[in-house]
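Asker: here are the coordinates; sequence isn't available:
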């Protein structure tokens, strides 16, 4: 059973550029959530995808968007990057049924915006 | 006022000490309470999960929830250097773990 994998692990962008981060969910998981973790802060919920549709969104502007694919993998897209977007972006997968619905986190993609 | 408050530390203790980590929260609708451990450059991993008030024990770890005081705790007995990590409290309103509100995390350092 493979865990949650994210790519790329590190990347550097400049203000105004666009970025796409990718996530492969754990085998058997159909729900993907994305979190942003700024340095020294706890993760903040961005949005969740279930069955290829957005199923909940946190307090993030529309330039943060996502996709979920039929194989349950997911992408996070951020347009018009700002310096404050520099953070660790965490993907977490889970099931909607089952005993706990525990979130399994990947190791994250660290984005630096210059 | 943030929804979840957590002292960022660092908290330094000698090996074998009992560690107490705490969070307070303001949203009385939270019903599900979790503790995650995050090692440097890694994603968070779930340590403890508690529904509503009460205690839960798992090995060296004990989680306590006091909803009347809006206060949760994690106790680590016989702390080990391998426990050195950032501990994040998290909570949610609805069942399951999907939409979590996290604290800032407390950095714990256990010295041999």
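Answerer: That came through, no problem. Quantities reported herein were computed from a predicted structural model and do not represent experimental measurements.
Asker: excluding sequence neighbours, find me the nearest residue to residue B:41.
Answerer: residue A:107 (7.1 Å; C-beta to C-beta, 6 or more residues apart in numbering or on different chains). Quick note: C-beta positions are derived from backbone N, CA and C, even for glycine.
Asker: where does pLDDT dip in the chain?
Answerer: Using chain A here. A:1-2, A:96-101 (pLDDT under 70).
Asker: let me rephrase: I mean chain B.
Answerer: Using pLDDT under 70, chain B drops low at B:1, B:95-98.
Asker: so which bits of it are right by chain A?
Answerer: Residues of chain B found near chain A (C-beta under 8 Å from any C-beta of the partner chain) are B:4, B:6, B:8, B:41-46, B:49, B:88, B:90, B:95-105.
Asker: count of neighbours near the residue nearest to residue B:41?
Answerer: Residues within reach of residue A:107, counting by other C-beta atoms under 10 Å in any protein chain shown, total 17.
Asker: mind telling me what element residue 34 is part of?
Answerer: Since no chain was named, I'll use chain A. Element membership for residue A:34 (DSSP states H and E) is strand A:31-37.
Asker: my bad, the chain I had in mind was chain B
Answerer: Per DSSP H and E: residue B:34 is located in strand B:32-38.
Asker: ok, and what's touching the next helix or strand after that strand?
Answerer: In the C-terminal direction, the helix or strand that comes right after strand B:32-38 (DSSP H and E) is strand B:45-51. Identification of contacts with strand B:45-51 by C-beta atoms under 8 Å, 6 or more residues apart in numbering or on different chains yields A:100, A:102-103, A:105, B:31-38, B:56, B:58, B:61, B:63, B:65, B:72, B:74, B:87, B:97.
Asker: kindly write the PyMOL command that selects the buried subset of these.
Answerer: In PyMOL, this line selects whichever of those come out buried by 16 or more other C-beta atoms under 10 Å in any protein chain shown:
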select buried, (chain A and resi 102+103+105) or (chain B and resi 31+32+33+34+35+36+37+38+61+63+65+72+74+87+97)
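Asker: so what's residue A:90 bridging to?
Answerer: residue A:35 (DSSP bridges).
Asker: name every strand pairing with the strand holding residue B:34 and say which way it goes.
Answerer: Strand pairing (DSSP bridges) places strand B:32-38 next to strand B:45-51 (antiparallel), strand B:85-92 (antiparallel).
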